[in-house]
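K.L.:
compute the structure for the input listed below.
(one chain, ligands or ions: 1)
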Amino acid sequence: MMIDPITFWSKVEKTPSCWNWISTLDGKGYGKFKRGGNWWSASRTAWTFGNGSIPSKKHVLHRCDNPACVNPEHLYLGSHQDNMRDRGKRGRSRGRFSKTFANGGERK
Ligand SMILES: [Zn+2]
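P.N.:
So this is what the prediction gives:
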C-alpha cells in the first residue's frame, strides 16, 4: 500500500519542535489514519518517509513526550521491551507516602 506523502503531511502541523498530527488520534493520543480499509499508524508512516523502512518486530518510539508527534527526528526504532520501558517511565516516579510519624502517638 502506497501512502501519498502530500496527503499525509497535509494532516500535520509543524512547530519548531514537534510535528503534530492533527487528524484522528487513537485512545492513547497516537496519530492514525485510514487507508485501504485499514488503520495506519501516523508515526510509523512518518518514520518510513523520513528514514526508510522499518525492520520487522521493531517499534517506532518517541524521543519527545508527545504521542501525536510525527517528526522523524523525534522518532527512533526500538524493541518491544524498549517500548514497555518507555511507557513505564511515566508514573513510576510516584513515591510512596512516607510515614514520618510512625512512632508518634505515644502516651506520656
Ligand atoms: Zn516531537
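K.L.:
where does pLDDT dip in the chain?
P.N.:
For the chain, the stretches with pLDDT under 70 are 1, 88-108.
K.L.:
again, only this time at 80
P.N.:
Residues of the chain that meet the criterion pLDDT under 80 lie in 1-2, 86-108.
K.L.:
let me see the ranges of the helices in the protein.
P.N.:
For the chain, applying DSSP state H gives helices covering 5-9, 42-51, 80-89.
K.L.:
tell me the most buried of those helices?
P.N.:
Across those, averaging neighbours per residue (mean count of other Cβ atoms under 10 Å) puts helix 42-51 on top, at a mean of 19. Yep, even glycine has a C-beta here, placed from its N, CA and C like the rest.
K.L.:
nearest to the ion, out of the helices of the chain?
P.N.:
The ion lies closest to helix 42-51 among these, at 9.5 Å (Cβ to the ion).
K.L.:
output the contacting helices and strands for that closest one.
P.N.:
helix 5-9, strand 19-21, strand 32-35, strand 59-62, strand 75-78 (3 or more Cβ pairs under 8 Å, 6 or more residues apart in numbering; DSSP states H and E).
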